[in-house]
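Q: Generate coordinates for the sequence data below:
(2 chains)
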Amino acid sequence: MTPAYKAALIEYLYMLADDELLLGHRASEWTGIGPILEADIALSSIAQDEMGHAEVLYGLLEALGEGHPDELAFARDLPYWRNAIFSELPRGDWGFTIVRHYLHDVAEQVRWQALAASSYAPLAQVARKLLVEEKYHLVHSQTWVRKLGNATEESHRRMQAALDRAFPYALGLFEPTELEAVRVSEGIAPAEADLQQQWLNEVVPFLQQAGLHVPAEETAEGWRPTVEPVYGGRQGTHTEYMEQLLDAMQFVYRLEPGAKW
Amino acid sequence: MINEEMVWQALNEVKDPEIPVVSVVEMGLINSVEIEGNHVVVNMTPTFAGCPALHIMRDEICARLAELGAEATVNFVFDPPWTSDRIQESAREKMKTIGLAPPARHGGLIEVDMLGVVACPYCGSDNTNMESPFGTTICRAIYYCHNCKQSFEKFKAL
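A: You can find the predicted model right below:
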């Protein structure tokens, strides 16, 4: 493995792992307060899945010399996080939670499918595994999007507001980074722009069918967003929400690093 | 001398803590074992990546193999990945005895199982429907049987 290959791989694994962990953390905030029991259980299970996925991905980083998964999750300072800002936003209402999960779930399907062919074999193996687990998340979020998009005037209004807020941030999942060109040329991962196009072609018609207006227009090359993406997370620029999230998530670990339970 | 047969036999006594009637071998979790002197390496592949029972199973495997005088290392591996098709027939029958419907063999087409007919593990009726794709653990979905009016769980296809 050349140093350039390794650096590009490490940058990418942080992006993947950090998104999984924060989405899982936000999902866990519904435990005990979900709108109905099944929804509560679903979000709690999804939280557990996403945190498990993060642990596996941090394990790949550990094998590359980046430190123990617990340290990476609970002792890393804010500027070193590479999640998209989308993943750190507060959980919001149930509508926002569902919209965020749906947009994330499709992005994961597209990404893991492509990564199943990664030149880095351990990542390709993990991708094939997570792709299947994520199918259950997608079925869940699709069902809710369909249900709430057209149910009542209030549910529609809330879902539309959630989508309007979420969409520019969701585009930030595909933020280009410094080492992307190396990843593409080395076959580690596909270009973010290609993934975004696949993602748009999937989410726009689906959301429209659910009665929602999507800020995108159809062109000869496929769907194009009509709003600016919110970038920054992949470069380590985060919001105040991220500070609050890390304060909550890392609080116990930082009290007594290395404590055994 | 520790041999492979002894190791597999010992592993077959280590149960899945979430399905305590079934062993880690019957669940298809063990990809391979390697023996060098008294050091045993067990390559285990998780059902779900976030399964909280993984670390418990690792400790129990080490403890059981220690009874053979082995010093064991358990690696979590993803090649080949676990799929629910690896659950042995014996385990499928045992699952039903604790009210857990086993997943159908899907040959890689998970969607088919997700939407397919599931027999109630209590009365055998096909008059059931999925209440939620998520249950009490990450590997289970919640179903309801309209024949015996009983809710039950199903181990998800993966």
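
Q: what's the single longest helix in the chain?
A: Going with chain A. Determined from DSSP state H, the single longest helix within chain A is helix A:121-149.

Q: that answer is for a different chain, and I need it for chain B
A: Chain B, longest helix under DSSP H: helix B:54-66.

Q: Which residues belonging to whatever helix or strand comes next after that helix are considered buried?
A: As assigned by DSSP states H and E, the chain's next helix or strand after helix B:54-66 is strand B:71-76. Neighbour counts over strand B:71-76 (16 or more other CB atoms under 10 Å in any protein chain shown) mark B:72, B:74, B:76 as buried. Backbone N, C-alpha and C define where each C-beta goes, glycine included.

Q: give me the number of residues near the residue lying closest to the second one once chain neighbours are set aside?
A: In other words, residue B:74. Computed as CB to CB, 6 or more residues apart in numbering or on different chains, the closest residue to residue B:74 that is not its neighbour in sequence is residue B:58, at 4.3 Å. By the measure other CB atoms under 10 Å in any protein chain shown, the count of residues near residue B:58 is 19.

Q: what's near enough to touch residue B:58?
A: Residue B:58 makes contacts with B:44, B:74, B:76, as judged by CB atoms under 8 Å, 6 or more residues apart in numbering or on different chains.

Q: where exactly do the helices run in the chain?
A: All of this refers to chain A. Along chain A, counting by DSSP H, helices occupy A:3-28, A:37-63, A:69-74, A:85-88, A:94-115, A:121-149, A:153-171, A:180-185, A:192-209, A:240-255.

Q: my question was about chain B
A: B:4-11, B:54-66, B:89-97, B:110-115.

Q: Mind putting the ones you listed into a markdown table with mean pLDDT?
A: Compiled in a markdown table, these are given as follows (pLDDT from 0 to 100):
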| stretch | mean pLDDT |
| --- | --- |
| helix B:4-11 | 96 |
| helix B:54-66 | 96 |
| helix B:89-97 | 96 |
| helix B:110-115 | 70 |
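
Q: And the ones you listed: which comes nearest residue B:140?
A: Smallest distance to residue B:140 across the helices of chain B (CB to CB): 10.5 Å, for helix B:89-97.

Q: Identify all contacting residues around the closest one.
A: Residues outside helix B:89-97 that contact it (CB under 8 Å, 6+ apart): B:19, B:21-23, B:26-27, B:101-102, B:121, B:155.

Q: can you rerun that using 6 Å?
A: B:21-22, B:26-27, B:102, B:121 (CB atoms under 6 Å, 6 or more residues apart in numbering or on different chains).

Q: likewise stretch A:233-248?
A: For stretch A:233-248, the surrounding residues in contact (CB under 6 Å, 6+ apart) are A:15, A:78-79, A:82-85, A:88-90, A:175, A:177.

Q: Least confident secondary structure element in chain B?
A: Across the helices and strands of chain B, the lowest-confidence element by mean pLDDT, DSSP states H and E is helix B:110-115, at a mean of 70.

Q: Let me see the contact set for the residue most central in space within chain B.
A: Geometric centre of chain B, nearest residue: residue B:27, 3.5 Å, by CA atoms, centre = their mean. Taking CB under 6 Å, 6+ apart, we find residue B:27 in contact with B:16, B:87, B:91.

Q: The second one and chain A: what is the separation?
A: In this case it means residue B:87. 15 Å (CB to the nearest CB, to the nearest Å).

Q: Okay, now the unreliable bits of the chain?
A: I went with chain A, as the question did not name one. Within chain A, no stretch falls below the threshold (pLDDT under 70).

Q: switch to chain B, that's the one I care about
A: Scanning chain B with the threshold set as pLDDT under 70 gives B:112-113.

Q: Could you break it into its assigned domains?
A: For chain B, the structural domains run B:4-76, B:98-155, going by the TED database.

Q: Quick one: end-to-end length of the longest one, please.
A: Separation of the first and last residues of domain B:4-76 by CA to CA, to the nearest Å is 19 Å.

Q: Stretch A:109-120 now?
A: One end of stretch A:109-120 sits 19 Å from the other (CA to CA).

Q: Report the buried residues of that stretch.
A: Going by neighbour count (16+ other CB under 10 Å), the buried part of stretch A:109-120 is A:109-116, A:118, A:120.

Q: Give me the contact list for that stretch.
A: So stretch A:109-120 is contacted by A:9, A:123-124, A:127-128, A:130-131, A:187-188, A:190, A:195, A:198-199 (CB under 6 Å, 6+ apart).

Q: Identify the residues contacting residue 84.
A: I went with chain A, as the question did not name one. Residues in contact with residue A:84, defined by CB under 6 Å, 6+ apart, are A:172-173, A:233.

Q: wrong one, I was asking about chain B
A: B:103, B:157-158.

Q: Thank you, goodbye.
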